[in-house]
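Asker: next one to model:
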Amino acid sequence: MRKIITAIALFLVSYAGFAQEDAVSDVKIDMNFNKSLFPMAEGNMYMSAEPVAFIMANMMAQTYEDAKAEMQAISEDKDLTDVKKGELKEKGKDILYQTALIKNDDGQDLVMEIYVVRVDKQNTIMVSGGYDLRAKETFKDEIKKAALSAKAVK
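Answerer: Numbers count the residues shown, from 1 in each chain. Take a look at the predicted model:
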């Protein structure tokens with residue numbers, strides 16, 4: 001459990017400016033992905049302790065354009081390596097994405113991913129997550145699946 005807490009803490013520190021100021025915390029986000037890979041759940045966060053992995057979703061009171069500017073700033077974080085970013089349009093949705101590697105306390109690489117989905121003119125859904133690089137084959141598609149299917153539930 002300590003490993004997953006460390007992974008989530010590293011992720012949140014790296015992306016703190018992006019996620020904290022605009023999150024709307026009480027909105028339930030429905031997502032379709034293999035939830036059996038993430039046996040622990042708390043609200044819009046799903047976790048696995050071994051191997052370490054998590055998916056987290058937040059409704060953001062932020063325009064798509066503002067999110068794009070903030071993601072550009074995040075990609076310049078010196079603790080991130082192998083940064084890949086871009087935009088896609090899938091299933092009729094505009095989506096920003098960014099993946100990168102970050103080291104945990106033990107010096108092991110963790111894959112970090114962020115997807116930002118346009119909801120309307122003033123809101124986006126941010127689906128973020130991470131997993132141990134050694135478990136890439138197990139988790140590599142799950143965060144993207146979650147983002148593509150993400151929708152706010154009223």
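Asker: for this structure, what are the low-confidence residue spans?
Answerer: Along the chain, the model assigns pLDDT under 70 to residues 1-25, 75.
Asker: the residue nearest the centre of it sits in which helix or strand?
Answerer: Central residue of the chain (CA atoms, centre = their mean): residue 128, 0.6 Å from the mean position. Using DSSP states H and E, residue 128 sits in strand 124-132.
Asker: just checking: what are the partner strands of that strand?
Answerer: Partner strands for strand 124-132, per DSSP bridges, with pairing direction: strand 53-60 (antiparallel), strand 109-118 (antiparallel).
Asker: mind putting those in JSON lines, distance to residue 133 included?
Answerer: From N, CA and C alone the C-beta is placed, and that goes for glycine too. Shown next, in JSON lines, are the strands paired with strand 124-132 (distance: least, CB to CB, whole Å):
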{"stretch": "strand 53-60", "distance to residue 133": "11"}
{"stretch": "strand 109-118", "distance to residue 133": "4"}
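Asker: picking that back up, need the nearest residue in space to the residue nearest to the centre of the chain, chain neighbours excluded.
Answerer: residue 114 (4.7 Å; CB to CB, 6 or more residues apart in numbering).
Asker: hey, what's the one you found bridged with?
Answerer: residue 98, residue 128.
Asker: residues contacting it?
Answerer: 15, 18, 71, 74, 96, 97, 98, 99, 126, 127, 128 (CB atoms under 8 Å, 6 or more residues apart in numbering).
Asker: go again using 7 Å as the cut-off
Answerer: Residue 114 makes contacts with 15, 71, 97, 98, 126, 128, as judged by CB atoms under 7 Å, 6 or more residues apart in numbering.
Asker: again with residue 33
Answerer: Residue 33 sits in contact with 55, 142, 145, 146, where contact means CB under 7 Å, 6+ apart.
Asker: what strand or helix carries it?
Answerer: Using DSSP H and E, no helix or strand contains residue 33.
Asker: show the backbone phi and psi for it.
Answerer: Phi and psi for residue 33, reported as degrees, to the nearest 10, are phi -160, psi 180.
Asker: quick one: it from residue 27, how far?
Answerer: 18 Å (CB to CB, to the nearest Å).
Asker: and the helices in the chain, which stretches?
Answerer: With DSSP state H as the criterion, the chain has helices at 2-14, 16-20, 64-74, 136-139, 142-149.
Asker: list the buried ones in the last one?
Answerer: This means helix 142-149. If you call a residue buried by 16 or more other CB atoms under 10 Å, then helix 142-149 has these buried ones: 142, 143, 144, 146, 147, 148, 149.
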